[in-house]
Structures are given as structure tokens and as C-alpha cells.
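Undergrad: Would you be able to build a 3D model of this:
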Amino acid sequence: MTLTDVDELCTAIRGSLVGDPRGIKVAKLLEDYALHARDWRAFCHFAEGRYTRNLVYRCAEFELLLLCWGAGHESPIHCHDGQDCWMAVLDGELEEVHFRQRRGPGGALAEGRTSRFQRGGVAFIHDAIALHLIRPAPRSSGVSLHLYAGAIDRCRVFERETGRSELVTLGYDTVRGEVCTKPPEAVRAEWGRGGPPAG
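TA: Next up, the predicted model:
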């Protein structure tokens, strides 16, 4: 199967997750889409000084986001609220850095491996594997597709030096390519009624 349409991708993902909640075939679907599709460009939205979270699709089984990274942008170190997460690189080169919390109270996070992914590369993360951060390779930008099974409405972000964490609510910069002016809970409620909302 050659996937070139994001809605076809979502249908294929949904079928895969319903048939196999572990999502064994999901990485291949994301890789195929990343290597052959171009329609994701309609959902790109870059911002000065920070990466953006752009909602493509949301249902009971999963949430699909397009993240746009400018040079020097970096996510906070974060968990995934117990959910499985896949990342497929659509453009550029991205780095993933793993971290773990040291045993005992407080203290800096211990940095683990750093991996680089180019177009078509797919990464997988779960809280049992590691905390992580994502960023573009030095002096470059990138675009990535993130699949969360199920949707992640909040997560913990961590300070590298102290290991302290804060629970944050996650929002969207755009919804299906339109700038989002609604609070996250309103967007989620509209998607829950069965259709993509306006921005």
C-alpha cells in the first residue's frame, strides 16, 4: 500500500489499532506516508521562537499531530501520560534525546542515547522506555508527524537540572490547517461529536 493522503492514513491507522492495540503495523504505515505523501504541507504552520502543534485528526483511538520545528527549537523533556507514541519525519532531520529519572529524591535527569531520524524515519516511545525531548538537527528545521494512541491531553514536563516536573495541558496552534482560536477542551469536545472543527 502506498499512502499519499492523510485521511487514508488515518483510516489505515484506525483499522490497525482496532485490530491490534499494540500497533505493530503502525510504524510501517507512518513510514510509507512519510516517504510518499505531500498533502501534509497543507497543515504546516511555523512560528517564531517555538515549535508548533498542529492537529490533523482525533478520534477515540488516537490523535495525529503535525509538529513544525524551526532551527534551534526544542521540546521540553516530557512523558507521554502512559500512551504509545510514534514519530515519523516528513521533512528535515530530527534528534530524539532520551532521559531517565535517577533513583532517590530529586537530582538531575540522566541523559541517555541521542538518535537522529531523516525523512521516512520512525521512532517509538512509551514512558516505560524513557522520557525524551525532540529537536531538529543543528542549524536545520524539520516537520514531523506524531501519533498518540490514545490522545494525550496533558503530560509532565521535566527540568533537566533538578528532575522536578510540572503537569501541563496541551493545546493546538492549528486544526486541519486553520489557526486555532479555541481552548483545547473546546476543540476536543467538537472532535468528540464526530467531525473536525473549524479553527
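Undergrad: Where is the longest helix in the protein?
TA: When the chain is scanned for its longest helix (criterion: DSSP state H), the result is helix 6-19.
Undergrad: which outside residues touch it?
TA: 1, 3, 23-26, 29-30, 33, 37, 39-40, 43, 56-57, 59, 61-62, 64, 147, 149 (Cβ atoms under 8 Å, 6 or more residues apart in numbering). To be clear about C-beta, it is placed using only N, CA and C from the backbone, and glycine gets the same treatment.
Undergrad: Leu66: which element?
TA: strand 63-69 (DSSP states H and E).
Undergrad: What angle do helix 6-19 and that strand make with each other?
TA: 130 degrees (axes from the mean of the first three to the mean of the last three Cα atoms, to 10 degrees).
Undergrad: what packs against the next helix-or-strand element following strand 63-69?
TA: Next helix or strand after strand 63-69 toward the C-terminus (DSSP H and E): strand 77-78. Packed against strand 77-78 by the contact rule (3 or more Cβ pairs under 8 Å, 6 or more residues apart in numbering; DSSP states H and E) you find strand 131-136, strand 154-158.
Undergrad: Any chance of JSON lines for those strands, columns mean neighbour count and distance to Asp173?
TA: Compiled in JSON lines, the helices and strands packed on strand 77-78 are given as follows (neighbours: other Cβ atoms under 10 Å; distance: least, Cβ to Cβ, whole Å):
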{"stretch": "strand 131-136", "mean neighbour count": "23", "distance to Asp173": "16"}
{"stretch": "strand 154-158", "mean neighbour count": "17", "distance to Asp173": "17"}
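Undergrad: And those, which one averages the lowest pLDDT?
TA: Ranked by mean pLDDT, those bottom out at strand 154-158, with a mean of 94.
Undergrad: spatially speaking, which residue is in the middle of this structure?
TA: His146 (3.1 Å; Cα atoms, centre = their mean).
Undergrad: Now do the SS call for that residue.
TA: At His146, secondary structure determined by DSSP: H, G, I helix; E, B strand; the rest coil is strand.
Undergrad: and it, bridged to which residues?
TA: Judged by DSSP bridges, the bridge partners of His146 are Leu65, Met87.
Undergrad: these two touch, right, it and Leu67?
TA: Yes - shown here, His146 and Leu67 form a contact pair, counting by Cβ atoms under 8 Å, at 5.9 Å.
Undergrad: Which residue, other than its chain neighbours, is closest to Ile77?
TA: Spatial nearest neighbour of Ile77, excluding adjacent residues (Cβ to Cβ, 6 or more residues apart in numbering): Phe158 at 4.4 Å.
Undergrad: name the helices or strands packed onto the lowest-mean-pLDDT helix or strand in the chain?
TA: Least confident helix or strand of the chain, by mean pLDDT, DSSP states H and E, is helix 184-192 with a mean of 85. Helix 184-192 sits against strand 52-58, with contacts defined as 3+ Cβ pairs under 8 Å, 6+ apart.
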